[in-house]
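*Asks:* following is a predicted model, sequence given first.
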Amino acid sequence: MTENFYITTAISYPNGPPHIGHAYEAIAADVIARFQRLSGRNVRFQTGTDEHGLKMAQKAEELGVTPAQLANEMSAQFIAMCDSLNISYERFIRTSEEDHHRASQAIWQAMVDKGDMYLDRYEGWYSVRDEAFYNEDELIEGVDSEGQSVKLSPQGTAVEWTAEESWFFRLSKYQDRLIALYIENPNFIAPESRRNEVMKFVEGGLRDLSVSRTSFDWGVKVPGSPEHVMYVWVDALTNYLTGLGYPDPSDDMANYWPANVHLIGKDITRFHAVYWPAFLMSADIALPKQVFAHGFLLNKGEKMSKSAGNVVAPLQLAEDYGVDSLRYFLMREVIFGNDGSFSAETIVNIVNADLANSFGNLAQRTLSMLFKNCDGKLLWPLQQAEADIALESKIASACASELPQEFAAMRFSQGIEAWLRAVNACNQYVDEQAPWALKKTDPERMHVVLVTVYRCLRYLALAISPVVPASATHLLDQLGVATDQRDFAAFDDENWYANIAQSDYLVAKPVAIFPRQEVVQAKDNS
RNA sequence: GGCGGAGUAGCUCAGUUGGUUAGAGCAGUGGAAUCAUAAUCCAUUUGUCGGGGGUUCAAAUCCCUCCUCCGCUACCA
C-alpha cells in the first residue's frame, strides 16, 4: 500500500511582492515533496496566499483598487514565483476563494458547537498606527505636541482606550491538552529550540483569544454575526483543510489529513503550534503530525529590510545564477531550521565548487570519454574488478541510504554532504583508474571503468534530483534512464543497467549540466 | 527585566557520559595529472576552542563570573 504525504507551506500575505524568504520556504517544501514522491509516497503539496485582513484592505485603498483586485494581482505574482522556481504544488490556494469561506465558517461553527466561542468586549490601549492593543505596563510616558504628558505605545505612537465587541475562543481551556501534546509528540514542533519556546509560552498560561473584528470587513464573515469578520488567523490556518475539501467528506480529506508537516517561518510558530492545534481539538479534527519552523535568510549576515535597502528579489537570483543553483545553495548551505546567510559570492562559490566542478565535471569527463572512445556504447555483459564494485557500493550507500535518511529527518545539508562525499569518491576513482591511460594500454578495462562511473552517475543524479530537478532530469536524459525508472524503487532494480546496455542506446556527446557561474554585478540604480 | 540558545581556523560549521598532537568543506599554498566545464587528484599553512577564575592527574567539553550576539516574553501578518 502506498503511503500518503501531505505537506503545506504557510500561505503568503500578499501585501507586497514575494521576497527571498517566500522563495526559500517554497523551495524547501518542494524539495521535501519531491523527495517523498521519489520515496514512493502519494504527495499532496499545497501553498497559496492569505488575502484577508486589515493590511490588505489598507494597501488596496492606498492604491485606489478594491482588496479583491489587489489580491488578484499579487497572488498572480506568487504563482509566477512558484512556477519559475519549479515548485511542484498540487494546489495553490487563495483564501478569498468561495470554498475557503465555507471551510472557515464550518470550523468556526464546530468550535461554537463545542461551546468554545463567546461574545465579549475587547478593551485596551489601542494604537491606530500600530494596529495593536497594548497592556498598561507596556506603555511608555511621552509628551504630545502641546507639551502634555501622554501615554505612548512601545513604538512611541499615540494610543487611546478602545473597546470593541469581539468573539473569543476559549484557548485557556486547551492549555493542559497542548502541553500533553508537546510531551507525547516531541517532534510535533521542530526544531527543538522552537519547541522549548512554545512549551514555555504555554506553561506560562494562556488567555482566551479574540478571534473576530468589526473594524473592517475584508475577511470571512462570522456565521450568525455578519458585522464580524474572522480574525485572519482563524481563516488563514483553515486553508490547510480547505485544500482537501473540508468540510465535505472527501477522498482527499481521508487520504491526506492529518498533514505530515506544515512548513513555516519561525516567526509564526505560535500560531501553528498553539492556536492551530487548539482550534482543531475544539473542532474534533485530527492534529497535523509536525510543524517545522525554518529560519530566516540574511543578506551577508544582515537582516533584510526595505529601509536598509538590501532586499533581494528571489527571481533575480534565480535569473542570475539559475533556479537549480539557487535551490542547491539554499538546501546545502543553510542548516535547515537555522538562520542562513547568503550573498552572490557565496552562491557562486558553492555552486561552482560542488555542482560545476565536482559533479557536473564528473559527468562531463565520463560521458565525454564514453562518447569519444567507446562510440557511446555501454558494456554488456559487465565484468567489474574489486575497485569498481567497492566504488559502486559506496555510492549506493550514500545515495540510497545516507541521503534519504537525512532528508527524511529534514537534515538536508547533512544529506547533501553525504552525497558530495560520493561525488568526490567518483572523481578520486577516475583519477586512480586513469581511463585516458588505459585507452592505450587496455581499452577493455577503460570501458569497464567508464561504465562503472556511468552507473554511479545514475545514483548521484537520482538522489540529488529533489534539490536540482531540472538539471537532474537533464543528466538522466543523457544517461538514457527511462522516465519511469527515476525513483528510489529503481535503486532496487537489478536489471536497470542490463536493460539499457542491451538496448541500442548510445551515449551522445554530452552537454554540460552545470555551467560555471560568475558573480553578476548588481545594477546601479542611481 | 525573566527564560532560553550561541560565541571553535579567513568563511560556513562538526565536535560534551571530560582523556592521546582540536576536525570537515570552501578559500589559500605547493605538487601530480591532462579525460573533462582552466575542471580533477595528492599534500599542506593558520586556531590564546569569547575573556577571567575554579574543580580535576586531565576541560572546547563540568562549575562561577564577565563580555558580545540572537530567540521567546500573545492578538499586524
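*Replies:* Nice, I can see it. Numbering: from 1, shown residues only, chains lettered A, B, ... in the order given.

*Asks:* just the element for the nearest residue to A:V520 once chain neighbours are set aside, please.
*Replies:* In space, and not counting its chain neighbours, A:V520 is closest to A:D320: 4.2 Å by C-beta to C-beta, 6 or more residues apart in numbering. C-beta: built from backbone N, CA, C; applies to glycine. Element membership of A:D320 [criterion: DSSP states H and E] is helix A:314-321.

*Asks:* quickly check: that helix near RNA strand B or not.
*Replies:* No - Helix A:314-321 lies out of reach of RNA strand B by C-beta under 7 Å from any atom of the strand, never closer than 13.1 Å.

*Asks:* ok, then the element right after that helix?
*Replies:* According to DSSP H and E, the helix or strand after helix A:314-321 is helix A:323-333.

*Asks:* next helix or strand past the helix or strand harbouring A:F45?
*Replies:* A:F45 is located in strand A:42-49, with elements delineated by DSSP H and E. Per DSSP H and E, strand A:42-49 leads on to helix A:54-63 as the next helix or strand towards the C-terminus.

*Asks:* give the buried residues for that next one.
*Replies:* Neighbour-count burial for helix A:54-63, counted by 16 or more other C-beta atoms under 10 Å, picks out A:54, A:56-57, A:59-60.

*Asks:* ok, and which of those reach RNA strand B?
*Replies:* Near RNA strand B, by the rule C-beta under 7 Å from any atom of the strand, you find A:L54 out of the buried residues of helix A:54-63.

*Asks:* what is the nearest of the buried residues of helix A:54-63 to A:I93?
*Replies:* A:M56 (15.8 Å; C-beta to C-beta).

*Asks:* I'd like the next helix or strand past the host helix or strand of A:N239.
*Replies:* Element membership for A:N239, per DSSP H and E: helix A:232-242. Note on helix A:232-242: by DSSP H and E, the next helix or strand toward the C-terminus is helix A:251-256.

*Asks:* show me what from the stretch 401-526 of chain A comes close to RNA strand B.
*Replies:* So far as C-beta under 7 Å from any atom of the strand goes, the stretch 401-526 of chain A lies against RNA strand B at A:424, A:427-428, A:430-431, A:434-437, A:512-516.

*Asks:* could you dump those residues to CSV with neighbour count and secondary structure?
*Replies:* Listed next are these as CSV, based on neighbours: other C-beta atoms under 10 Å; DSSP: H, G, I helix; E, B strand; the rest coil:
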residue, neighbour count, secondary structure
A:N424, 14, helix
A:N427, 17, helix
A:Q428, 11, helix
A:V430, 20, helix
A:D431, 9, helix
A:A434, 12, coil
A:P435, 24, helix
A:W436, 12, helix
A:A437, 10, helix
A:A512, 13, coil
A:I513, 24, coil
A:F514, 25, coil
A:P515, 14, coil
A:R516, 13, coil
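
*Asks:* can you put the residues you listed in CSV and add pLDDT?
*Replies:* Output for those, formatted as CSV (pLDDT from 0 to 100):
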residue, pLDDT
A:N424, 94
A:N427, 96
A:Q428, 94
A:V430, 96
A:D431, 95
A:A434, 96
A:P435, 97
A:W436, 97
A:A437, 96
A:A512, 94
A:I513, 95
A:F514, 95
A:P515, 92
A:R516, 91
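
*Asks:* farthest pair within these?
*Replies:* Between any two of those (C-beta to C-beta), the greatest distance is 28.3 Å, for A:A437 and A:P515.

*Asks:* send the alpha carbons of stretch A:391-401 over as CSV?
*Replies:* Taking only C-alpha atoms (Å, rounded to 0.1, in the frame of the first residue of the first chain), the coordinates of stretch A:391-401 have been written out as CSV:
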residue,chain,number,x,y,z
LEU,A,391,33.1,2.3,-5.5
GLU,A,392,29.6,1.4,-6.5
SER,A,393,28.8,0.1,-3.2
LYS,A,394,30.0,3.3,-1.5
ILE,A,395,27.9,5.4,-3.9
ALA,A,396,24.8,3.3,-3.5
SER,A,397,25.1,3.5,0.3
ALA,A,398,25.4,7.3,0.1
CYS,A,399,22.6,7.8,-2.4
ALA,A,400,20.1,5.1,-1.4
SER,A,401,20.7,5.1,2.3
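
*Asks:* run the chain-centre distance for that stretch.
*Replies:* Put simply, stretch A:391-401 sits 27 Å off its chain's centre (C-alpha atoms, centre = their mean, to the nearest Å).

*Asks:* check stretch A:348-362 too.
*Replies:* 24 Å.

*Asks:* what about that stretch, start to end distance?
*Replies:* Across stretch A:348-362, the terminal residues are separated by 19 Å (C-alpha to C-alpha, to the nearest Å).

*Asks:* so how far is stretch A:19-32 from its chain's centroid?
*Replies:* The answer for stretch A:19-32 is 4 Å, by C-alpha atoms, centre = their mean.

*Asks:* by mean pLDDT, flag the weakest helix or strand of chain A.
*Replies:* strand A:140-143 (a mean of 64; mean pLDDT, DSSP states H and E).

*Asks:* from A:L244, how far out is the residue in chain A positioned nearest to RNA strand B?
*Replies:* Relative to RNA strand B, the nearest point of chain A is A:G360 (1.9 Å; C-beta to the nearest atom of the strand). Between A:G360 and A:L244 the computed distance is 40 Å (C-beta to C-beta, to the nearest Å).
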